[in-house]
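Q: Sequence first, predicted model second:
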Amino acid sequence: MKKFLLIFLFFSFFSGISQEKKIYFDKEIDYKVIDKNKADGFLKTYTGKNGEFLTKMALKNLPVYFFTDRIGTSAVDLVMNNRLESSDLLISSLYYGFSGYSRDKKDYDLESKKLDTRETLLGISCSHYLLTLKRKDRDEGKESFKVCIDDHSAYNNIPVLSGLISFFDKSIKLKSSGVKGLILKGGPEKTYDTEYFVATSIKDSKDFVYFDHLKTMMSQQRKQDSIMLAQQRQEEEYSNMKTDSVVYADSAFVDVDTAAAFADPVPDTQVDSYIPDYVSEYKNVQSGPSDLAIHNVINKNLLKGIPKHCKNFETELPSFSNKELGGHLKNYVGQICDLYLTQADNHSVGIKITLDEIRREVLYLNEIQGKLDQSDKKKLNTYLKNLD
């Protein structure tokens, strides 16, 4: 009874302090991933000086998101109205197939060693470091990872790297190194020059999300515990089966429906609580065409569900004498193309901000009509009329 009371008080305490908040990012960092054995990939991080990061990357040809802050790293989905929620599908996939769940975690230190070499990326000088995972009970370490860090930066994304390491390798209980700064490039020490990720742009951002990270971490822990329980039960059943039985199950695999049966259901009455009050921001807040999801489509099968002009719309835009018109038209068409991508279950489109962008550009295109010369006006209307 005493143990039950302590558990109850623990969850009551965290439920009380857990709350959703609006998180702003003031920088957007794009990385290109170079892998000699695979097609080039991408990595994008939204960050602020408050130490909160939203990282977008490609996994199994699908875009996935991870949120990192001082309490850890979680897999998330970007859903309606710029809201983040737990990515239960990714959690299930990781535990069923990608990495498995380790019951015997080992303590590792992420040791850092500063080298005497430097390089300049995006006009920023950065220092080379070797980061090595070392088990506390052994002298040898795993293969070292070489990174180039701007150790004078106000942004510190080392926790993103260590958080992703711990997330994908469940056998590791990681204590991070003391080094701080902005990673501009990284790769295995031996192949740093041929296999790496490198920052290709750093720009200002006005993006934001709504998220309750503590609630998500507690939810994902329950999910992991449910999967663990399901694995244990299936392994027990497997070991008790008679030898003359026909076995179709794999003891290392747990059916999704089996684990879901142990997971806590979400009452339907809670669905509406995830819709925030509407705030009219579309006239002021803008992301621009550089943030288009259509630029980062990895799975080309998704292109069959969008208009044909979306595949190369940037090269087919008219040339206008009005210098601003082309940029607004490009953003308008690109944002609509992004909206078509939301037909996919695992899309990476922020629906509210996309709708806000479209509304802002429609307003602009309507208001600019009376200010255009006849040539620009004809080009604009002809282009819009002939879109497929």
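A: Ah, there it is. Numbers count the residues shown, from 1 in each chain.
Q: quick one: buried residues of the top strand by length along the chain?
A: When the chain is parsed with DSSP state E, its longest strand is strand 106-121. Buried positions in strand 106-121, judged by neighbour count with 16 or more other C-beta atoms under 10 Å: 108, 110, 111, 112. Every C-beta, even on glycine, is put in place using the N, C-alpha and C of the backbone.
Q: Quick one: those residues as TSV, columns for pLDDT and distance to residue 59 too.
A: As requested, the buried residues of strand 106-121 are exported to TSV (pLDDT from 0 to 100; distance: C-beta to C-beta, whole Å):
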residue	pLDDT	distance to residue 59
108	73	23
110	79	22
111	83	27
112	87	26
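Q: Switch the residues you listed over to CSV; also include distance to residue 128.
A: Below are the buried residues of strand 106-121 laid out as CSV (distance: C-beta to C-beta, whole Å):
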residue, distance to residue 128
108, 22
110, 16
111, 15
112, 11
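Q: any idea which of the residues you listed is closest to residue 209?
A: residue 110 (27.1 Å; C-beta to C-beta).
Q: pLDDT weak spots in the stretch 201-350 of the chain?
A: Along the stretch 201-350 of the chain, the model assigns pLDDT under 70 to residues 227-228, 231-232, 234-235, 237-277, 285-291, 296-300, 345-348.
Q: Strands of that one, residue ranges please.
A: Under the criterion DSSP state E, counting those that start in this stretch, the stretch 201-350 of the chain contains strands at 208-211.
Q: what's the answer for the stretch 51-200 of the chain, then?
A: Using DSSP E, counting those that start in this stretch, strands in the stretch 51-200 of the chain cover 53-59, 62-69, 72-79, 83-86, 106-121, 124-135, 145-150, 172-175, 182-188, 196-204.
Q: Parallel or antiparallel, list what pairs with the helix or strand hosting residue 45.
A: Assigned by DSSP states H and E, residue 45 falls within strand 41-47. Neighbouring strands of strand 41-47 in its sheet, by DSSP bridges, are strand 27-34 (antiparallel), strand 53-59 (antiparallel).
Q: Packed most tightly, which of the ones you listed would that be?
A: strand 53-59 (a mean of 20; mean count of other C-beta atoms under 10 Å).
Q: what residues does that one touch?
A: 25, 33, 41-47, 63-69, 76, 84, 90, 157, 159-160, 164, 209, 296, 298, 348 (C-beta atoms under 8 Å, 6 or more residues apart in numbering).
Q: got the angle for that strand vs strand 72-79?
A: Angle, strand 53-59 to strand 72-79, by axes from the mean of the first three to the mean of the last three C-alpha atoms, to 10 degrees: 70 degrees.
Q: tell me the angle of strand 53-59 relative to strand 62-69?
A: Using the same axes, to 10 degrees: strand 53-59 against strand 62-69 is 150 degrees.
Q: low-scoring stretches of the stretch 51-200 of the chain, by residue?
A: Using pLDDT under 70, the stretch 51-200 of the chain drops low at 60-61, 88-107, 136-142, 170-177.
Q: between the longest strand of the chain and strand 196-204, how many degrees?
A: Using the same axes, to 10 degrees: strand 106-121 against strand 196-204 is 70 degrees.
Q: got the angle for strand 106-121 vs strand 124-135?
A: Orientation check (the same axes, to 10 degrees): strand 106-121 against strand 124-135 gives 160 degrees.
Q: list the helices and strands strand 106-121 packs on?
A: strand 124-135, strand 145-150, strand 172-175, strand 182-188 (3 or more C-beta pairs under 8 Å, 6 or more residues apart in numbering; DSSP states H and E).
Q: taking those together, which one is wrapped up most tightly?
A: strand 145-150 (a mean of 23).
Q: Direction included, what does that one pair against?
A: Strand 145-150 has these strand partners (DSSP bridges): strand 124-135 (antiparallel), strand 182-188 (antiparallel).
Q: circling back: name the residues that touch the strand holding residue 45?
A: 25-33, 35, 53-58, 155, 157, 160, 197, 205, 207, 296, 298.
Q: which residues touch residue 383?
A: Residue 383 neighbours (C-beta under 8 Å, 6+ apart): 317, 318, 329.
Q: Residue 24: neighbouring residues, count only.
A: Neighbour count of residue 24, defined by other C-beta atoms under 10 Å: 13.
Q: Isn't it up against residue 208?
A: Yes - counting by C-beta atoms under 8 Å, residue 24 touches residue 208, with 4.7 Å between them.
Q: my read is residue 358 is in a strand, agree?
A: No - remark: residue 358 does not belong to a strand; assigned using DSSP: H, G, I helix; E, B strand; the rest coil, it is helix.
Q: And the pLDDT at it?
A: With respect to pLDDT, residue 358 scores 91.
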